[in-house]
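[1] Can you look at this prediction? I've put the sequence above it.
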Amino acid sequence: MPNWSTIEASFLSLPHAQQLGELAASLARLNSWSQKSAREEVVPVLLSESLLYLSLLQRESQINGELAQLLGLLQDCQQNWVDTWDNSTEIANIADIASTWSQRVLDMSGVLTSESMSA
């Protein structure tokens, strides 16, 4: 099981753009693992990781309306995981949410813009 306090300290030491990049990466992993046979064990951990990142952003007052929407979606996924982990339609929905939001958060972060790449 991950050491959440170490993850929290590491995350909070990052600049805001990189925090969003970490959230985007976590969502990309969630998308990927949702489509694998080991999802029953891995997806709950990745949901927890993404929710931790969002709660830390919220605590630092760096969460906007879009991220609040994502927070609600992921909380619903986490709360319903026990009932949905073996439902292919629900898994596809989780993967779609994770994929879409990974790209949106990455775009919000600006870490892949030419300006940030040259910095």
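    Thanks, I have it. Numbering: from 1, shown residues only.

[2] So residue 67 versus residue 37, what's the distance?
    The gap separating residue 67 from residue 37 is 31 Å, by C-beta to C-beta, to the nearest Å. All C-beta atoms are positioned from the backbone trio N, CA, C, and that covers glycine.

[3] So between these two, which is more surrounded?
    residue 67 (20 against 8; other C-beta atoms under 10 Å).

[4] name the element the more buried one belongs to?
    Using DSSP states H and E, residue 67 falls within helix 65-79.

[5] List the buried residues of that helix.
    Judged by neighbour count using 16 or more other C-beta atoms under 10 Å, the buried positions of helix 65-79 are 67, 70, 71, 73, 74, 77, 78.

[6] Not including adjacent chain positions, what is the nearest residue to residue 48?
    residue 78 (7.2 Å; C-beta to C-beta, 6 or more residues apart in numbering).

[7] Report the contact partners of the one you found.
    Contacts for residue 78 (C-beta atoms under 8 Å, 6 or more residues apart in numbering) come out as 44, 47, 48, 51.

[8] OK, contacts around the first one?
    The reference is to residue 44. So residue 44 contacts 78, 81 (C-beta under 8 Å, 6+ apart).

[9] Quick check: pLDDT value at it.
    pLDDT for residue 44: 93.

[10] ok, it to residue 94 distance?
    For residue 44, the distance to residue 94 - C-beta to C-beta - is 11 Å.

[11] same check, this time on the last one
    Computed with C-beta to C-beta, the distance linking residue 51 and residue 94 is 13 Å.

[12] list the contacts for residue 95?
    Residue 95 touches 30, 31, 34, 35, counting by C-beta under 8 Å, 6+ apart.

[13] what about the first one, how many residues close to it?
    Using other C-beta under 10 Å, residue 30 is surrounded by 26 other residues.

[14] got a list of contacts for the helix or strand where it lies?
    Residue 30 is part of helix 16-34 when elements are defined by DSSP H and E. Residues outside helix 16-34 that contact it (C-beta under 8 Å, 6+ apart): 11, 14, 39, 42-43, 46-47, 49-50, 53-54, 56-57, 62, 91, 94-95, 98-99, 101-103, 105-106, 108-111, 116.
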